[in-house]
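Visitor: Attaching a predicted model along with its sequence, questions to come.
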Amino acid sequence: MDVTDLGGGLWRWTAPHPEWTPDKDKPGGWGREVASVYVEAPGADALVLIDPLVPREGSREAERFWTLLDADLARSGRKLIIALACPYHQRSTSRIVERFVVTHKVEVLALAGVRARHGELVTRTFTAGESLPGGLVGYEIEGLEAGEAALWIPERRALVVGDTVMGTGRGLAVAPPSWAVKTPEGQADYEARFRTSLRRLLELPIAIFLPSHGAPVLTDGRAALAAALDAPAWGE
């Protein structure tokens, strides 16, 4: 587990995805290490974990994760929120909910399309532009067959996404259609609405851009997103 302190109560950590296989690490694919985000915004009523992936159970890294999260909850006295950016990022959500079922009420937030996939695991849905616990604002990225959100952290001018935008190490790239659609109808919707929906996010003063896959952009994330929207998709 690699942990980065981004300041102001914003942390990012990466861990190996248990479902990764070498064939996924190809042009247009995704690497083994995936990212999660921790938010403890000043003055907010909750700690927020976005797309959390706990390291392998029984490992020293897992023990470190649980120790730190326990300490943060005890110190802050805040409730715990898990926000899911997309239907494929349930990750360790069930493990976290089960661990704290006695000591803390854990809310799991997501778009309605994510709840359709995971059922009662998602305890609350949100709509585009809605203010969320922990000081976040949720936005919907349109033109996808499964719902995906972008999560805005105004306090840090940071935007977190799931699978829609990748970090390349040199900037950002938007996800290819193969990640998002499986039918001809879905392809048409993707072409008509996907990039347009992402362009609306350029109205936000994004400094930090935190993708789940690939390297983050820590300065002028808005410019990096604008450049990605004018370029071919990841792997194309």
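Guide: Looks like it arrived, so ask away.
Visitor: got a list of what Ala150 touches?
Guide: Taking Cβ atoms under 8 Å, 6 or more residues apart in numbering, we find Ala150 in contact with 85, 138-141, 159-161, 164, 201. Placement of C-beta: from N, CA and C, glycine included.
Visitor: let's go with 6 Å and repeat that
Guide: Applying Cβ atoms under 6 Å, 6 or more residues apart in numbering to Ala150 gives the contacts 139, 141, 159, 161, 201.
Visitor: In the residues you listed, find the pair that's most separated.
Guide: Ile141 and Leu159 (11.1 Å; Cβ to Cβ).
Visitor: returning to that earlier point: buried only: go through the contacts of Ala150 for me.
Guide: Taking 16 or more other Cβ atoms under 10 Å as the criterion, what is buried in those is 139, 141, 159, 161, 201.
Visitor: what's the nearest residue to the third one if we skip its chain neighbours?
Guide: Leaving out its chain neighbours, the residue that sits closest to Leu159 by Cβ to Cβ, 6 or more residues apart in numbering is Ile206, at 4.9 Å.
Visitor: Equivalent analysis for the first one, please.
Guide: Beyond its immediate neighbours in the sequence, the residue positioned closest to Tyr139 (Cβ to Cβ, 6+ apart) is Ala150, lying 4.5 Å away.
Visitor: What pairs with the strand or helix carrying the one you found, parallel or antiparallel?
Guide: Applying DSSP states H and E as the criterion places Ala150 in strand 148-153. With DSSP bridges as the test, strand 148-153 is paired with strand 136-141 (antiparallel), strand 158-161 (antiparallel).
Visitor: Lowest mean pLDDT among the helices and strands of this structure, which one is it?
Guide: Lowest by mean pLDDT, DSSP states H and E among the helices and strands of the chain is helix 177-180, with a mean of 76.
Visitor: Can you give me the buried ones in that one?
Guide: Neighbour-count burial for helix 177-180 flags 177, 179-180 (criterion: 16+ other Cβ under 10 Å).
Visitor: Equivalent analysis for stretch 207-223, please.
Guide: Here stretch 207-223 shows 208-217, 221-222 as buried, counting by 16+ other Cβ under 10 Å.
Visitor: for the longest helix along the chain, which positions count as buried?
Guide: Criterion DSSP state H: the longest helix present in the chain is helix 60-76. For helix 60-76, a neighbour-count test (16+ other Cβ under 10 Å) marks 61-62, 65-66, 69, 72-73 as buried.
Visitor: Mind checking what helix or strand follows it in sequence?
Guide: The helix or strand immediately downstream of helix 60-76 is strand 79-83, counting by DSSP H and E.
Visitor: elements contacting that next one?
Guide: Counting contacts by 3 or more Cβ pairs under 6 Å, 6 or more residues apart in numbering; DSSP states H and E, strand 79-83 packs against strand 46-50, strand 106-110.
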